[in-house]
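K.L.:
Return a 3D structure for these sequence lines:
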Amino acid sequence: MAVAPNGAFVALACNDGRLRVMASDFSQQLSEFDSRSGVPPADVAWCGVDAVALRWEGLLLLVDPYGHWIKRGCDEPVGLVTEVDGLRVITAGGCSLLRRVPEACVQVYKPGSTAPSAQLLDARDLFDSGNAKADKILRQMGGHLQEAVQGCATAAGLELDVTRQKALLKAAIFGRAFVPSMPAGVLKDLTVKLRVLNALRDPSVGLPLTMPQLEALTLPVVVHRLVLMRQHLLAFKIASEALGGVGKQEVLLHWAAAKISASPAVPDDRLKQEIAAKMSQIERPRYAHLAAHAQSVGRRSLAIKLLEEEPSAAQQVPLLISLAKTSTSTSAGAAADADAAEDTLGRALRKAVESGDPDLVYLSLFAAYKTRSLPEFWKLVSPRAPARNLFVKYTRVKEPELLETLYTTNQLHQESADLALERALKALNSNNGSSTAGVYSRPSDDDVNKCISGLQSAAKEYAQCRDAGWQSKAANEAASLFKEQLKLERDTGQVLFVGLSLADTITTCLKLGHQRQAANLRKQFAVPDTRWYWLKISALAAAHDWDGLDLFAGERKSPIGLEPFLEVAQKHGGPREVMMRLISRMPDSRAKADAFEAIQCPREAAEVAAKLRDLDLFARIQNAVSANSPAGLAIAQIKERFQSR
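P.N.:
Numbering: from 1, shown residues only. From the prediction side, this is the model:
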């Protein structure tokens with residue numbers, strides 16, 4: 001059984017010696033031929049879609065759809081290969097093509113043919129011989145001239161003889177000069193394809209194709225086959241001329257790989273220059289494939305040199321890493337081999353950083369980390385800031401212990417201190433990540449102790465850094481504050497101090513009446529007097545401890561003055577009597593008079609204005625009250641006394 005090239009028919013050689021041709025779905029029998037042979041054929045093959053070939057030992061029989069047949073002797077074993085337009089008969093000594101004579105060729109070469117294409121060919125011959133009858137033939141053809149041009153062009157494409165091809169092409173070009181509406185590119189494309197076919201049919205190439213076969217295969221497939229046959233020059237020319245440059249890179253890559261394999265004695269520099277000279281003929285050549293091939297044949301140094309020309313970091317970096325991993329004994333010794341691998345890893349990391357692709361940087365980092373000791377790894381990574389930052393970012397999340405070891409090993413005190421501080425704060429906030437939004441969750445005592453330990457470690461590391469004395473002191477004080485807060489919670493039994501600032505801790509103690517503990521915190525952390533006064537008066541006012549506020553105002557001279565006492569009392573709604581006592585402690589001044597006036601004490605305000613002998617102030621206070629009111633009468637008496645002095 002054999003299927004036709006177009007898939008429409010099936011030829012069946014039956015046991016009864018008959019050849020039956022059916023539709024591909026076996027729904028209809030199209031023809032039947034009786035071979036009158038009791039021996040089944042050894043092979044069945046289609047000759048295009050025009051005939052079926054049956055082969056027996058020493059005999060080849062061709063049968064057409066109408067039952068006509070011809071036979072041909074076979075003195076040696078043959079192989080039958082169906083083509084789209086014929087049958088290829090392959091023997092040990094050669095290859096023959098059996099096909100039906102194309103209709104276009106019949107129209108031209110049939111004796112006595114009056115087809116337009118035949119007339120155009122005759123006209124061209126007459127023109128070449130200088131016979132004026134050529135013009136007469138052209139005139140007689142009239143509207144059939146374009147048909148004649150197309151017929152000659154088609155026949156030229158189907159013709160296998162080069163001389164006839166040239167004659168038919170000349171006739172087509174001659175006729176086209178009188179058919180301006182016909183596109184010029186048709187004949188140009190045909191000429192290019194004929195040049196390709198004639199080159200393929202050359203015995204040195206050995207790929208005899210016809211025009212229908214070329215169109216069925218397509219030029220890219222032909223180029224690929226030529227590459228596999230190592231006909232690189234012809235493949236490159238076809239890709240350049242017939243395909244507009246498509247496929248040139250694939251051809252050159254295959255050629256370069258073959259050259260690498262065939263040139264084991266050529267020095268790496270020279271071979272790289274020869275390859276680069278050829279690859280420069282194409283735009284953005286890819287060297288990664290060649291580097292991988294060079295690596296596979298043991299040319300590691302050549303692979304590295306080729307990768308330097310690779311424009312794509314995504315192709316370049318993985319191969320450099322692979323070369324570093326498979327560093328072989330081509331170096332002078334073990335030490336030289338390690339240096340070569342280090343240099344290759346350095347190249348890979350540099351290229352990854354230059355590309356700006358974090359995935360490539362991580363790929364290089366992990367490869368270096370797996371193959372190098374920690375000091376060597378950090379020596380490789382630390383000079384490259386982007387790579388270093390990415391590695392630090394990864395280890396902070398995934399392996400903080402590794403980062404701590406790395407900083408400690410390399411005596412990076414600043415970085416180690418920052419890491420310890422970060423871990424301390426993370427321990428303190430470990431419970432807040434899962435707490436309800438907006439609700440503070442107190443850390444456990446273990447977390448607080450971890451935080452204290454981390455802060456002490458950070459302070460120790462900061463102490464060994466230049467210009468980090470303030471950070472060391474701040475970390476120590478923060479650790480001490482957490483210790484005091486834990487102690488306060490144990491002593492008072494109130495779990496509300498841990499996590500507060502120093503100011504809030506002192507304020508909370510004062511609000512709850514823990515005066516001794518607040519004073520101890522003030523002394524231990526050297527809280528300035530000004531800050532202490534503000535914290536204490538704010539806490540007393542917030543707790544509505546007005547007696548305590550008044551008592552505190554009279555203890556000693558306030559470093560912040562008495563105005564803040566009055567402000568906090570007013571803010572928290574202090575009684576009028578308390579504010580009067582606070583104002584009375586103030587020295588005589590316009591501010592004191594204004595304060596009395598603000599709390600509706602005009603008589604006291606007038607007393608202050610009188611003592612200051614400020615007539616304008618006194619007049620303003622007197623005018624603000626009714627003259628017949630008790631306050632107005634009292635102010636009038638003060639005025640009389642003031643004027644009598």
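
K.L.:
CA atoms for contacts and neighbours, from now on please.
P.N.:
Fine.

K.L.:
For Ala542, give its distance to Arg576.
P.N.:
Using C-alpha to C-alpha, to the nearest Å, one gets 16 Å for the distance from Ala542 to Arg576.

K.L.:
Give me the more crowded residue out of the two.
P.N.:
Ala542 (19 against 14; other C-alpha atoms under 10 Å).

K.L.:
contacting residues for the residue nearest to that one when sequence neighbours are not counted?
P.N.:
Computed as C-alpha to C-alpha, 6 or more residues apart in numbering, the closest residue to Ala542 that is not its neighbour in sequence is His572, at 6.3 Å. Residues in contact with His572 (C-alpha atoms under 8 Å, 6 or more residues apart in numbering) are Ala541, Ala542, His544.

K.L.:
Quickly note the distance from His572 to Leu360.
P.N.:
62 Å.

K.L.:
again, but for Arg284
P.N.:
21 Å.

K.L.:
Neighbour count: these two, which is higher?
P.N.:
Leu360 (21 against 13).

K.L.:
so what's that one closest to, chain neighbours aside?
P.N.:
Leu360's closest residue in space is Ala352 (C-alpha to C-alpha, 6+ apart), at 5.3 Å.

K.L.:
Not counting the top helix by length along the chain itself, show me its contacts.
P.N.:
The single longest helix within the chain, with elements called by DSSP state H, is helix 469-492. If you take C-alpha under 8 Å, 6+ apart as the criterion, helix 469-492 is touched by 445, 448, 451-453, 455-456, 458-463, 494-499, 502, 505, 517, 525.

K.L.:
cool, stretch 89-103 as well?
P.N.:
Taking C-alpha under 8 Å, 6+ apart as the rule, stretch 89-103 contacts 47-48, 50, 76-81, 85-88, 155, 158.

K.L.:
Ends of that stretch, what's the gap?
P.N.:
Start-to-end, stretch 89-103 (C-alpha to C-alpha) is 22 Å.

K.L.:
didn't Ala368 look like it was pressed against Trp378?
P.N.:
No: look at Ala368 against Trp378 with C-alpha atoms under 8 Å: they stay out of range, at 9.5 Å.

K.L.:
number of nearby residues for Ala598?
P.N.:
11.

K.L.:
ok, now the one 10 residues further on?
P.N.:
Summarising burial for Val608: neighbours were counted as other C-alpha under 10 Å, giving 24.

K.L.:
roughly how far apart are it and Asp189?
P.N.:
115 Å.

K.L.:
same question, Tyr362
P.N.:
The separation that Tyr362 has from Asp189, given C-alpha to C-alpha, amounts to 51 Å.

K.L.:
And these two? Which one has more around it.
P.N.:
Tyr362 (18 against 12).

K.L.:
related to what we said a few turns ago, so which of the contacts of stretch 89-103 is the most crowded?
P.N.:
Of the contacts of stretch 89-103, with other C-alpha under 10 Å as the count, Cys47 tops at 27 neighbours.

K.L.:
quick one, phi/psi of that one?
P.N.:
phi -100, psi 90 (degrees, to the nearest 10).

K.L.:
quick one: it and Asp64 touch, right?
P.N.:
No: using C-alpha under 8 Å, Cys47 is not in contact with Asp64; the gap is 9.3 Å.

K.L.:
re the thing from before, among the contacts of stretch 89-103, which are in strands?
P.N.:
Counting by DSSP state E, the part of those found in strands is Cys47, Gly79, Leu80, Val81, Gly86, Leu87, Arg88.

K.L.:
so who does the last one touch?
P.N.:
Neighbour list for Arg88: Leu80, Val81, Thr82, Cys95, Ser96, Leu97, Leu98 [criterion: C-alpha under 8 Å, 6+ apart].

K.L.:
can you check the second one too?
P.N.:
Gly79 makes contact with Val89, Ile90, Thr91 under the criterion C-alpha under 8 Å, 6+ apart.

K.L.:
Need the worst-confidence member of the residues you listed.
P.N.:
pLDDT across those is lowest for Thr91, at 89.

K.L.:
Can you give me the neighbour number for it?
P.N.:
Neighbours of Thr91 (other C-alpha under 10 Å): 15.

K.L.:
ok, which stretches of the stretch 351-500 of the chain are helices?
P.N.:
In the stretch 351-500 of the chain, the segments counted as helices under DSSP state H, counting those that start in this stretch are 358-371, 374-381, 385-398, 400-409, 413-428, 445-463, 469-492.

K.L.:
could I get the ones you listed as a markdown table with mean pLDDT and distance to Glu103?
P.N.:
Putting the helices of the stretch 351-500 of the chain into a markdown table (pLDDT from 0 to 100; distance: least, C-alpha to C-alpha, whole Å) gives the following:
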| stretch | mean pLDDT | distance to Glu103 |
| --- | --- | --- |
| helix 358-371 | 90 | 62 |
| helix 374-381 | 86 | 74 |
| helix 385-398 | 87 | 71 |
| helix 400-409 | 79 | 82 |
| helix 413-428 | 80 | 87 |
| helix 445-463 | 84 | 95 |
| helix 469-492 | 87 | 97 |
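
K.L.:
Could you dump these into JSON lines and include distance to Arg613?
P.N.:
Formatted as JSON lines, these follow (distance: least, C-alpha to C-alpha, whole Å):
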{"stretch": "helix 358-371", "distance to Arg613": "79"}
{"stretch": "helix 374-381", "distance to Arg613": "80"}
{"stretch": "helix 385-398", "distance to Arg613": "72"}
{"stretch": "helix 400-409", "distance to Arg613": "73"}
{"stretch": "helix 413-428", "distance to Arg613": "61"}
{"stretch": "helix 445-463", "distance to Arg613": "60"}
{"stretch": "helix 469-492", "distance to Arg613": "53"}
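
K.L.:
Can you say which of these is nearest to Ala593?
P.N.:
For Ala593, the closest of those is helix 469-492, at 43.6 Å, according to C-alpha to C-alpha.

K.L.:
The closest one: what's the following helix or strand?
P.N.:
helix 502-512 (DSSP states H and E).

K.L.:
and the angle for that following helix with helix 469-492?
P.N.:
20 degrees (axes from the mean of the first three to the mean of the last three C-alpha atoms, to 10 degrees).

K.L.:
Show me which residues of helix 502-512 are buried.
P.N.:
Leu502, Ala503, Thr505, Ile506, Thr507, Thr508, Cys509, Leu510, Lys511 (16 or more other C-alpha atoms under 10 Å).

K.L.:
for stretch 191-208, same thing?
P.N.:
Thr191, Lys193, Leu194, Val196, Leu197, Asn198, Ala199, Leu200, Arg201, Leu207, Pro208.

K.L.:
ok, now which ones touch the last one?
P.N.:
Just to be clear, that refers to Pro208. Leu197, Leu200, Arg201, Asp202.

K.L.:
May I have the phi/psi pair for the third one?
P.N.:
When you say that, I think you mean Arg201. Per degrees, to the nearest 10, the backbone of Arg201 is at phi -80, psi -10.

K.L.:
my read: it touches Met211, true?
P.N.:
No: with contact defined as C-alpha under 8 Å, Arg201 does not reach Met211; the gap is 11.7 Å.

K.L.:
what about stretch 137-152, start to end distance?
P.N.:
Where stretch 137-152 begins and where it ends lie 15 Å apart, using C-alpha to C-alpha.

K.L.:
got the contact list for that stretch?
P.N.:
104, 108, 115-121, 123, 168-169, 171-173, 175-176, 178-179, 182.

K.L.:
Geometrically speaking, which residue is the centre of the protein?
P.N.:
Asp357 (6.3 Å; C-alpha atoms, centre = their mean).

K.L.:
between the contacts of Pro208, which is closest to Pro386?
P.N.:
Using C-alpha to C-alpha, those come closest to Pro386 at Leu200, 54.8 Å.

K.L.:
can you give me the strands for the chain?
P.N.:
2-3, 9-13, 18-23, 29-34, 43-47, 51-56, 59-63, 69-73, 79-83, 86-90, 95-98.

K.L.:
Single out the most deeply packed of the ones you listed.
P.N.:
strand 43-47 (a mean of 24; mean count of other C-alpha atoms under 10 Å).

K.L.:
Quick check: mean pLDDT of that strand?
P.N.:
On average, strand 43-47 scores 94.

K.L.:
Name every strand pairing with it and say which way it goes.
P.N.:
Each strand paired with strand 43-47, and its direction, by DSSP bridges: strand 51-56 (antiparallel).

K.L.:
Understood, closing this out.
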